[in-house]
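Visitor: heads up, no residue letters with this:
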């Protein structure tokens, strides 16, 4: 039997609590997601390389990518929701919608490859967007969760790494009503965005 | 000649919708995905239970 997690979930606050009893910051939770997505990106890049080198077929690549997409979006959604134990049927239905959207894009991508899309650097970069797309799901889910709990304001906080001009302008707005910010993942830097969002009850 | 190695699986809209549904075994696979890719600090965060 697995040992209990050192984290707990506070449903009222919509926050994780660590072993020290303190809430875990949104920034830290985001860093956990970033680390997992970055590690998995190597696997996605390896799949792209195998397809380019004809070590796997396009059909095999499609299946592997489908499974990876499902893993990424399930885990990202669970992270925003407070963990696997908190995921309800409604939550799974919401993830399924996001997965469906991604699978449609993957299908279009595969058809383009079939028609001769060059498997060059642009192709490789495009595959990494799938690997990083969990951030969009995480932030959409998080925004919904916090709005449900009565939080009315959100603020974009710049990452310490490089950021795009849109992230700079979104962060400069400070706290704004929830829903007013351009969602992380939909900015110029797309799903590679490293910024995070803080919430306030206003 | 047709390149069978570069032949896509024809996913219809219905097939995509069916594939987007999540089975219990896929949730288990996603749990493995997380523990495989998370670091030491975050490995068990998704096992949190409500206070």
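Guide: Alright, I've got the coordinates. No experiment lies behind these values; they were computed from the predicted model shown. Numbering: from 1, shown residues only, chains lettered A, B, ... in the order given.
Visitor: ok, which stretches of chain B are strands?
Guide: Here chain B has its strands, by DSSP state E, at B:49-50.
Visitor: which helix in it runs the most residues?
Guide: Counting residues, the longest helix found in chain B (DSSP state H) is helix B:24-37.
Visitor: Report the buried residues of that helix.
Guide: Across helix B:24-37, burial judged by 16 or more other CB atoms under 10 Å in any protein chain shown covers B:26-27, B:30-31, B:33-35, B:37. All C-beta atoms are positioned from the backbone trio N, CA, C, and that covers glycine.
Visitor: Flag the shaky bits of chain B, pLDDT-wise.
Guide: Scanning chain B for pLDDT under 70 picks out B:1.
Visitor: Can you tell me which residues in chain B are near chain A?
Guide: Neighbours of chain A within chain B, by CB under 8 Å from any CB of the partner chain: B:4-9, B:11, B:13, B:16-17, B:19-22, B:26-27, B:29-31, B:33-34, B:36-39, B:41-42, B:44-51.
Visitor: Please list only the buried members of these.
Guide: Among the residues of chain B next to chain A, those classed as buried by 16+ other CB under 10 Å are B:6, B:8-9, B:11, B:16-17, B:19-20, B:22, B:26-27, B:30-31, B:33-34, B:37-38, B:42, B:44-48.
Visitor: Remind me what the longest helix of chain B packs against, helices and strands.
Guide: helix A:26-52, helix A:58-81 (3 or more CB pairs under 8 Å, 6 or more residues apart in numbering or on different chains; DSSP states H and E).
Visitor: Go ahead and measure how far that helix is from the middle of the chain.
Guide: 7 Å (CA atoms, centre = their mean, to the nearest Å).
Visitor: before we move on, what about stretch A:87-97?
Guide: Distance of stretch A:87-97 from its chain centroid, counting by CA atoms, centre = their mean, is 15 Å.
Visitor: what about that stretch, near chain B?
Guide: Yes. Contact of stretch A:87-97 with chain B (CB under 8 Å from any CB) involves A:92, A:95-97.
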